[in-house]
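*Asks:* take a look and give me a structure for this.
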Amino acid sequence: MDDPRLDLDLSLPPPIPEQGIKRANEIMATGKLHRYGEDRNGVPEATALEEDFATYVGTKYCAALNSCGAAMFVALKCVGVQHGDKVLMNAFTLAPVPGAVAHAGAQPVFIEINDNYEIDLIDLDKKAANTGARVLLLSHMRGHICDMEKLMVICNRHGLQVIEDCAHTMGAKWDGKFTGTFGTVGCFSLQSYKHANAGEGGLLVTDDPDIAAKAILYSGSYMLYAQHKARPDLSYFEKYRGVIPNFSMRMSNLVAAIARPQIDLLSERAAQWNARYSILAAGFSRIQNVRVPVRSPEEEYVMSSVQFSVKGLSADEMETFLEKCASRGVFIKWFGRKEPQGFTSIHEHWQYVDERQILPQSTRILNEVCDIRIPLALPLESCETIVAVVKHCLDEVQSRS
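*Replies:* Below is the predicted model of the structure:
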């Protein structure tokens, strides 16, 4: 293409299914938007969503919260994280993850990442041994899943409890097993730009009855926890109901109604996203000085975005490259900026972390990482247009250097 341009909004989220719109309107007509009902007639939508999602991923219990960040915070509290504790987490993540750690009064300890944007297992092994941390908050950042068998061996050896941040991997698996079911707790997102679009919302899954009971109480069940269906026996709530505070973080019925019909669409959406990702990744890999991560055959990803690394550009040249792409309709997020922008920030921006942590490997990698959303509405042929725009603009910048 001599003059490639894209005429499409790459931030366009998946539409709400008609069934979800219809059910949301029905709920609004009744006025019963709250997650619990004192009349106890019928099953609240939030309760039904919990049952649906627990069945989908194959866990015993599920608690619906008002965001994935809230789910991670509650998960940290449920596994016993106390004020001042250290929590391990990979350096490539987004602000709600260290935010959840800070919300729990703990301190993040960042683990290096590798060139495939995954947690570095060698650095994890070392810091698990040296920091005294007892929890790993693992982000499957932007849908990139590390070798989960190897990771769990390391964590089990060091007595680490694993909380999985699956904001970017709803419906994804490692070797046939859903992400979110390897560790003690899995946390999922229903934000508009994720795999199910409810605007905002979080789902916490676990097979541990104590954690499930605590999560439901923390989420804000009052004494109405019996209305939950994907919950443990009521005896577990008796143990904790007097000592667990109500953080009022439970999902509303309106959000749950919007989300429920989308659970059945996850497999279909995964195929659509991955078809587009395959074209984009293959195209970017053919561009000189661009690297696309290597994916393991065990990694059954669901890629609603695509990442690649641009080699050899200075910060100013990278800014020029991004501006040129944007002028042609391709908006790219870059993790190497010195200041946070939009949704994009990195560990060096989070000044509330007490200890300055030097991560040379992660800094090098993040300085090169570019990130593009993949909307479901993106036609397959337009994927080649995006590749052509990136190549065209990169060639222009490199020809001047």
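
*Asks:* in the protein, which spans are helices?
*Replies:* Remark: helices assigned in the chain by DSSP state H are 18-30, 45-57, 68-78, 96-103, 121-130, 148-158, 209-220, 234-240, 253-263, 266-285, 315-327, 360-366, 380-400.

*Asks:* which of those helices sits closest to Gly180?
*Replies:* helix 45-57 (6.0 Å; C-beta to C-beta). C-betas here are computed from N, CA, C, even on glycine.

*Asks:* from the middle of its chain, how far away would that closest one be?
*Replies:* Helix 45-57 sits 19 Å away from the centroid of its parent chain (C-alpha atoms, centre = their mean, to the nearest Å).

*Asks:* and if you look at stretch 206-219?
*Replies:* Its chain's C-alpha centre and that of stretch 206-219 lie 21 Å apart, by C-alpha atoms, centre = their mean.

*Asks:* equivalent analysis for stretch 62-76, please.
*Replies:* Distance of stretch 62-76 from its chain centroid, counting by C-alpha atoms, centre = their mean, is 12 Å.

*Asks:* show the average pLDDT along that stretch.
*Replies:* Throughout stretch 62-76, pLDDT has a mean value of 97.

*Asks:* could you do stretch 15-29 as well?
*Replies:* The average pLDDT for stretch 15-29 rounds to 95.

*Asks:* list of residues touching it?
*Replies:* Applying C-beta atoms under 8 Å, 6 or more residues apart in numbering, the contact partners of stretch 15-29 are 33, 45, 197, 253-254, 257-262, 265.

*Asks:* can you check stretch 248-260 too?
*Replies:* Contacts for stretch 248-260 (C-beta under 8 Å, 6+ apart): 16, 20-21, 23-24, 26-28, 32-35, 44-46, 48-49, 52, 63-67, 70, 73-74, 190, 196-202, 218-221.

*Asks:* quick one: buried ones out of those?
*Replies:* In those, burial by neighbour count holds for 16, 20, 23-24, 27, 32, 35, 44-46, 48-49, 52, 63-67, 70, 73-74, 190, 196-198, 200-202, 218-221, counting by 16 or more other C-beta atoms under 10 Å.

*Asks:* and the residue nearest the centre of the chain, what's its pLDDT?
*Replies:* In the chain, the residue lying closest to the centroid (C-alpha atoms, centre = their mean) is Ala167, at 1.9 Å. pLDDT, Ala167: 97.

*Asks:* how about Asp2?
*Replies:* For Asp2, the pLDDT comes out at 78.

*Asks:* what does Arg40 give?
*Replies:* 61.

*Asks:* thinking again about what came up before, nearest to Val185, out of the helices of the chain?
*Replies:* helix 68-78 (4.2 Å).

*Asks:* can you give me the buried ones in that closest one?
*Replies:* By 16+ other C-beta under 10 Å, the buried positions in helix 68-78 come out as 68-78.

*Asks:* ok, stretch 292-311 next?
*Replies:* For stretch 292-311, burial by neighbour count (16+ other C-beta under 10 Å) applies to 292-293, 295, 299-310.

*Asks:* measure that stretch end to end?
*Replies:* End-to-end distance for stretch 292-311: 11 Å, by C-alpha to C-alpha, to the nearest Å.

*Asks:* that older thread, could the helices of the chain go into a markdown table alongside distance to Asp9?
*Replies:* As requested, the helices of the chain are exported to a markdown table (distance: least, C-beta to C-beta, whole Å):
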| stretch | distance to Asp9 |
| --- | --- |
| helix 18-30 | 21 |
| helix 45-57 | 28 |
| helix 68-78 | 24 |
| helix 96-103 | 24 |
| helix 121-130 | 38 |
| helix 148-158 | 34 |
| helix 209-220 | 34 |
| helix 234-240 | 46 |
| helix 253-263 | 20 |
| helix 266-285 | 15 |
| helix 315-327 | 13 |
| helix 360-366 | 26 |
| helix 380-400 | 12 |
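
*Asks:* and these, which is most packed in?
*Replies:* Ranked by mean neighbour count, the helices of the chain are led by helix 68-78 with a mean of 27 (mean count of other C-beta atoms under 10 Å).

*Asks:* now do it: which elements does it pack against?
*Replies:* If contacts are counted by 3 or more C-beta pairs under 8 Å, 6 or more residues apart in numbering; DSSP states H and E, helix 68-78 sits against strand 61-65, helix 96-103, strand 135-139, strand 161-165, strand 185-189, strand 202-206, helix 209-220.

*Asks:* Ile332: which of those is closest?
*Replies:* Closest among these, using C-beta to C-beta: strand 135-139, at 20.7 Å.

*Asks:* same question for that closest one, mean pLDDT?
*Replies:* Mean per-residue pLDDT for strand 135-139: 98.

*Asks:* ok, the contacts of stretch 15-29 vs Val353, which is closest?
*Replies:* Checking those one by one against Val353 (C-beta to C-beta), the nearest turns out to be Asn197, at 31.1 Å.

*Asks:* distance-wise, check that closest one relative to Gln361.
*Replies:* 35 Å (C-beta to C-beta, to the nearest Å).

*Asks:* again with Ile119
*Replies:* 11 Å.

*Asks:* tell me the confidence at Ile122?
*Replies:* At Ile122, the model reports a pLDDT of 98.

*Asks:* just the one 5 residues further on next, same as before
*Replies:* With respect to pLDDT, Lys127 has a value of 97.

*Asks:* and Arg35, by the same measure?
*Replies:* For Arg35, pLDDT reads 72.

*Asks:* what of Asp147?
*Replies:* 98.

*Asks:* that one against Glu298, yeah?
*Replies:* Yes: with contact defined as C-beta atoms under 8 Å, Asp147 and Glu298 form a contacting pair (7.4 Å).
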